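> Based on what follows, work out the 3D shape:
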Amino acid sequence: MGVLADAVLAAGGEVVGVIPRPLATKEIAHGGCTELRIVESMHERKAVMADLADGFSRLAGRLGTFEELLEMLTWTQLGVHAKPVAALDVAGYWTGLRRLLTDGVEAGFVHRQNADTLLLDDDPVRLLDRVVAWQAPQPAPLARSRSDVTSA
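Residues are numbered from 1 along each chain as shown. Predicted coordinates for the structure are as follows:
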């Protein structure tokens, strides 16, 4: 995140950092942010970032990156927001996630429309074009999982 923030700042852009207090006190916060918002928890961080954002994009990352990406997809599915969710697939990093979503569709646990909400591309220009052209889908009905059906 720091490298991306540095690049944005070097190009004359603005960077709004949102970090939980426990991490900020460990001096992990980026010192050059245009604005730095310190919040109390990771949950509050995600809510603030979601409120500030026009859309969500992810590069390769750790478990928190997966979690945030899937939460934003879930929020799209539930109608919490109507913003694009994208990931740049450098060196096939996100291929496994696409496969997981496809498997979920084929198994009947995920609606195709919800799986297709994720904009995934290995070309950054093409991905940005897709983000700009994105239109919010009509919310699909929530699928009942097979375990719900068999236990009912």
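
> contacts, neighbours, all on C-alpha from now
OK.

> What is the longest helix seen in the chain packed up against?
Assignment by DSSP state H gives helix 63-78 as the longest helix of the chain. With contacts taken as 3 or more CA pairs under 8 Å, 6 or more residues apart in numbering; DSSP states H and E, helix 63-78 sits against strand 56-58, strand 85-88, helix 112-115.

> Residues touching the one helix or strand His43 maps to, excluding its own?
In the assignment (DSSP states H and E), His43 maps to helix 42-52. If you take CA atoms under 8 Å, 6 or more residues apart in numbering as the criterion, helix 42-52 is touched by Val18, Ile19, Pro20, Val39, Glu68.

> Among the residues you listed, name the buried ones.
Those of the contacts of helix 42-52 that meet the buried threshold are Val18, Ile19, Pro20, Val39, by 16 or more other CA atoms under 10 Å.

> Which of these fall in strands?
Under the assignment DSSP state E, the buried ones among the contacts of helix 42-52 contribute Val18, Ile19, Pro20, Val39 to strands.

> Let me have these in CSV, extended by distance to Met72.
Below are those laid out as CSV (distance: CA to CA, whole Å):
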residue, distance to Met72
Val18, 16
Ile19, 18
Pro20, 19
Val39, 19
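
> Right, I'll leave it there.
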